[in-house]
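Peer 1: Have a look; sequence and predicted model below, questions after that.
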Amino acid sequence: MLIITRNLWKTYRVGSEDVHALRGIDLEVEKGEYFAIMGPSGSGKSTLMNLIGCLDTPTKGEYILNGKAVSKMNDDELAFIRNKEIGFVFQAYNLLPRATALHNVELPLIYSGNGSKDRMEKAKRALAMVDLADRINHKPSELSGGQRQRVAIARALVNEPSIILADEPTGNLDSKVSREIMEVFGKIHDQGNTIIVVTHEQEIADYTQRIIYLRDGKIEKVVRK
């Protein structure tokens, strides 16, 4: 099992009050799965994504990723896991504006200590996977919104992570380009990648194999395709 969470809680202290963002989430994810996390605002979906992505730690409960007890790791260990095991795709792309597509995709490999030749080859391969082999020297301002998101997806892929985590990946795109981006995710999934999409759009969630609906910090229901 790639991901196991047991009784996962996240509680925030707001003034004198405890706010429970997650209330005992039990989740299992197999390698190669493609699923969506949905729920209304305040349901806990962003909190769950942050915990799965090692951007935050649970208040209590267990999170096991690839056999490693993530919930017990320190900040340095979490940073290593984020870089090696998880590829992030965000709604706002988060690209360096003055860097080319190639350099933006290379960035995670720089942090991993890869040599320049190896970085370039892997970055070119990742850009080819998202059909941007002819745009490697373009900067974000020279690309459309859909192309920028493809660069972000290539950057998420370049370290060959265990999980691609996509947070509202089509939120800034029109419906036609959104469909194109989801087709890219479908192609990546067909190659064996595990993909988790956080979205509030049913149409986007319908591209996946399983939808986990959250409400009030709990799993309300799970729909399998």
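Peer 2: On my side now, so go ahead.
Peer 1: switch to C-alpha atoms for all contacts and neighbour counts from now on
Peer 2: Fine.
Peer 1: center of the protein, which residue is that?
Peer 2: Nearest to the geometric centre of the chain sits Leu165, at 1.2 Å (C-alpha atoms, centre = their mean).
Peer 1: Note down every partner strand of the helix or strand hosting that residue and its orientation.
Peer 2: Using DSSP states H and E, Leu165 sits in strand 163-167. Partners of strand 163-167 in the sheet, by DSSP bridges, are strand 86-90 (parallel), strand 194-198 (parallel).
Peer 1: Now do the next helix or strand along the chain from the last one, average pLDDT.
Peer 2: Read that as strand 194-198. Following strand 194-198 in sequence order, the next helix or strand is helix 202-205 (DSSP H and E). Average pLDDT, helix 202-205: 95.
Peer 1: How far off centre is the helix-or-strand element of the chain with minimal mean pLDDT?
Peer 2: Ranked by mean pLDDT, DSSP states H and E, the weakest helix or strand in the chain is helix 75-85, scoring a mean of 89. Centre-to-centre, helix 75-85 and its host chain are 14 Å apart (C-alpha atoms, centre = their mean, to the nearest Å).
Peer 1: angle of that helix against strand 86-90?
Peer 2: Counting by axes from the mean of the first three to the mean of the last three C-alpha atoms, to 10 degrees, helix 75-85 lies at 80 degrees to strand 86-90.
Peer 1: Can you tell me what sits against helix 75-85?
Peer 2: Gly53, Cys54, Leu55, Val70, Pro108, Tyr111, Ser112, Asn159, Glu160, Pro161, Ser162, Ile163 (C-alpha atoms under 8 Å, 6 or more residues apart in numbering).
Peer 1: With secondary structure and distance to Ile211 added, can I get those in JSON lines?
Peer 2: As requested, the contacts of helix 75-85 are exported to JSON lines (DSSP: H, G, I helix; E, B strand; the rest coil; distance: C-alpha to C-alpha, whole Å):
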{"residue": "Gly53", "secondary structure": "coil", "distance to Ile211": "18"}
{"residue": "Cys54", "secondary structure": "coil", "distance to Ile211": "21"}
{"residue": "Leu55", "secondary structure": "coil", "distance to Ile211": "22"}
{"residue": "Val70", "secondary structure": "helix", "distance to Ile211": "24"}
{"residue": "Pro108", "secondary structure": "helix", "distance to Ile211": "29"}
{"residue": "Tyr111", "secondary structure": "helix", "distance to Ile211": "33"}
{"residue": "Ser112", "secondary structure": "helix", "distance to Ile211": "33"}
{"residue": "Asn159", "secondary structure": "coil", "distance to Ile211": "26"}
{"residue": "Glu160", "secondary structure": "coil", "distance to Ile211": "24"}
{"residue": "Pro161", "secondary structure": "coil", "distance to Ile211": "22"}
{"residue": "Ser162", "secondary structure": "coil", "distance to Ile211": "20"}
{"residue": "Ile163", "secondary structure": "strand", "distance to Ile211": "16"}
